[in-house]
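K.L.:
Predicted coordinates and the sequence they were generated for:
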Amino acid sequence: MALLSPRQQQVLKATVRHYIDTVEPVSSGMLVQRFHLNASPATVRNAMVWLERQGLLRQPHTSAGRIPSQQGYRHYVDALLPQGGSQVQLLQQELNSLRLQFQWTALDDLLHFLAGRLADLTGLLALMTRPVPRTPRLRTMRLVSSGERLVLMMVDWGGNVVTLNIRHPPALPQDVLLLERWLDHQLQVGEQIDWQALPPQHRSLGRPVQLAFENHVRQSSLAVDGMVAVGLGGLIAQPEFHQGRHNLRDLLQLVEERPEELLREQPQQCSTVLGAPRLQHVSIGREHKTPTLAACGLVKVPYGGPQGTRGWVAVLGPMRMAYETIIGSAHSVAALLERLLG
């Protein structure tokens, strides 16, 4: 995509802001009038035509104005996003004023309150999880071969046992024993497995074990037992959903039955919304791996808990969402949780 000129950036930013506020396509004349652009409607119209050719705007109907495309929202979030504004500042001030009170609040009550406040502010669905370990701290691993199956038993320092059944290529008993000894040595030395150091003679048997182990860790990190979800009514009241343009039933089923799919993607971008770097992930439209979310935007910010644990602060809504307010608010909540739990 070609670089945007200052005028084109201004027009794209104004179009996104207008559509977020009104859910209506916008004309060049309306942009000039509402945002006091220092340009004629013809100049703005030319910029809108160029942005449409670049895939950043689209025209829902031939005679209608233009609205942002998925790519347009992505460029807006990546390159044009303003600060959160007065709403984020007010939320931060409120949270700071309640900080001492929160210190004596049970974690579940705290998450419910913060999710409710986030849902009220955004008018969308706020999701929060308890902090959980990023990876299990294993004490020992045992391997038992049975035909074409290999049973991997993992015991953590809390005495919990997890068993994985793995399909593997034919292996001699001594190969299984040597791999088990290597795994135990890894745990004794560093309390984790350095799969990059897997010796060549163990790779044929070790790779299936590695894949099964990493999949287990990935699923464990997505555990959402006790996830707090507040604001479902606000989400389904959005025009994109209550007018039947998208499959609301599948979306509700996803949130209620498979919320871990909302946390599947890892943070990719770093933001300094509150003056300190913090990872965040913003998924827009068909960037989601889950097709049910193809009409949605998801902002997800991690927060650190005690002993290396991590939880999530997330907001789910339509692609047409106030990203600057939502990102700033999620960062404010995540920062407060880290101060209280750290």
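P.N.:
Okay, I see it.

K.L.:
which stretches of the stretch 151-300 of the chain aren't confidently modelled?
P.N.:
Along the stretch 151-300 of the chain, segments meeting pLDDT under 70 span 157-160, 191, 218-226, 243-246, 260, 264-278.

K.L.:
Spatially central, which residue of the protein would that be?
P.N.:
K300 (3.4 Å; C-alpha atoms, centre = their mean).

K.L.:
Check for me that it belongs to a strand.
P.N.:
Yes - judged by DSSP: H, G, I helix; E, B strand; the rest coil, K300 forms part of a strand.

K.L.:
So it is in contact with R310, correct?
P.N.:
No - under the criterion of C-beta atoms under 8 Å, K300 is not in contact with R310, lying 11.6 Å apart. In this view, the C-beta of every residue, glycine as well, is placed from N, C-alpha and C.

K.L.:
what about the strands in the chain?
P.N.:
Taking DSSP state E as the criterion, the chain carries its strands at 57-58, 67-68, 125-128, 132-133, 138-146, 149-156, 161-167, 228-230, 269-271, 278-284, 296-304, 309-318.

K.L.:
which non-adjacent residue is nearest G234?
P.N.:
Closest residue to G234 in three dimensions, ignoring its sequence neighbours and counting by C-beta to C-beta, 6 or more residues apart in numbering: G123, at 4.5 Å.

K.L.:
Would you check how far apart S28 and H36 are?
P.N.:
As defined by C-beta to C-beta, to the nearest Å, S28 lies at a distance of 14 Å from H36.

K.L.:
Which one of those two is surrounded by more residues?
P.N.:
Between S28 and H36, counted using other C-beta atoms under 10 Å, the more crowded position is S28 (23 against 8).

K.L.:
so that one touches V49, yeah?
P.N.:
No - contact criterion C-beta under 8 Å: S28 and V49 do not qualify, at 9.3 Å.

K.L.:
give the contact list for the closest residue in space to G72 that isn't next to it in sequence.
P.N.:
Nearest residue to G72 in three dimensions, chain neighbours excluded: L56, at 3.9 Å (C-beta to C-beta, 6+ apart). By C-beta atoms under 8 Å, 6 or more residues apart in numbering, L56 lies in contact with M1, L12, P68, S69, Q71, G72, H75.

K.L.:
now, which of these lie within helices?
P.N.:
Judged by DSSP state H, the subset of the contacts of L56 located in helices is L12, Q71, G72, H75.

K.L.:
Mind putting those residues into CSV with pLDDT and distance to I193?
P.N.:
CSV is the format used below for the ones in helices among the contacts of L56 (pLDDT from 0 to 100; distance: C-beta to C-beta, whole Å):
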residue, pLDDT, distance to I193
L12, 97, 47
Q71, 95, 40
G72, 96, 43
H75, 94, 40
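
K.L.:
If we only consider those, which is nearest to E287?
P.N.:
Closest approach between those and E287, by C-beta to C-beta: Q71, at 10.1 Å.

K.L.:
So that closest one is in contact with G55, correct?
P.N.:
Yes - Q71 is in contact with G55 according to C-beta under 8 Å; the separation is 4.8 Å.

K.L.:
Counting neighbours, go ahead and name the busier of these two.
P.N.:
Set Q71 next to G55 and count neighbours by other C-beta under 10 Å: Q71 wins out with 17 against 13.

K.L.:
what separates the more buried one from R258, distance-wise?
P.N.:
Q71 sits 28 Å away from R258, going by C-beta to C-beta.

K.L.:
now the helices: where do they sit in the chain?
P.N.:
Under DSSP H, the chain gives helices at 6-22, 28-35, 41-53, 70-75, 86-97, 99-102, 107-122, 173-190, 203-221, 232-236, 239-242, 248-257, 323-341.

K.L.:
Return the most buried member of those.
P.N.:
helix 323-341 (a mean of 23; mean count of other C-beta atoms under 10 Å).

K.L.:
For G65, grab the count of nearby residues.
P.N.:
By the criterion of other C-beta under 10 Å, G65 has 20 neighbours.

K.L.:
again, but for M154
P.N.:
Neighbourhood size, M154 [other C-beta under 10 Å]: 19.
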